[in-house]
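Chemist: Build the 3D model from these lines:
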Amino acid sequence: MFSTIQVNDFKTASAFVVPSVAIKQDIKGSYLYVTNLEEGKQKARKRYVETGLSYKDQTMIKEGVSQGDEVIVKGFAQVSDGVSISVK
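Modeler: You can find the predicted model right below:
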């Protein structure tokens with residue numbers, strides 16, 4: 001016989017969660033890309049973050065992003081810091 005149970009071992013009132021694949025790593029640590037309006041153009045900017053718990057394919061971001069930041073989750077592999085982007 002087999003059984004499966006799920007135990008809720010963590011709960012928070014609010015959290016900033018992104019797809020785990022959008023978080024990249026380099027020698028300085030974990031980062032992701034956010035959009036930033038500069039001189040009337042949208043640009044991708046590298047933002048170092050502190051990650052928290054992960055569940056399935058989602059990871060909580062503890063520090064490094066703020067409410068209102070737009071994280072790039074589609075096409076994140078094709079951008080680099082300072083590249084002009086179009087947001088759709």
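
Chemist: Only C-alpha atoms from now on, for both contacts and neighbour counts.
Modeler: Fine.

Chemist: sec struct for the residue nearest the centre of the chain, please.
Modeler: When C-alpha atoms, centre = their mean is applied to the chain, the residue found nearest the centroid is V18 (4.3 Å). Using DSSP: H, G, I helix; E, B strand; the rest coil, the secondary structure recorded for V18 is strand.

Chemist: Could you tell me how far it is located from Q42?
Modeler: Note on V18: its distance to Q42, by C-alpha to C-alpha, to the nearest Å, is 20 Å.

Chemist: In this protein, where's the longest strand?
Modeler: Under DSSP state E, the strand in the chain containing the largest number of residues is strand 29-38.

Chemist: next structured bit after that one?
Modeler: Later in the chain than strand 29-38, the nearest helix or strand by DSSP states H and E is strand 41-48.

Chemist: Only alpha carbons, please: show that following strand as PDB.
Modeler: Extracted C-alpha coordinates of strand 41-48, given in PDB (Å, rounded to 0.1, in the frame of the first residue of the first chain):
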ATOM      1  CA  LYS A  41      12.900  53.200 -23.700                       C
ATOM      2  CA  GLN A  42      12.300  50.000 -21.900                       C
ATOM      3  CA  LYS A  43      15.600  48.300 -21.000                       C
ATOM      4  CA  ALA A  44      16.400  45.000 -19.300                       C
ATOM      5  CA  ARG A  45      18.400  45.400 -16.000                       C
ATOM      6  CA  LYS A  46      20.100  42.700 -14.100                       C
ATOM      7  CA  ARG A  47      19.000  42.600 -10.400                       C
ATOM      8  CA  TYR A  48      20.700  40.500  -7.800                       C
END
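
Chemist: All set now, cheers.
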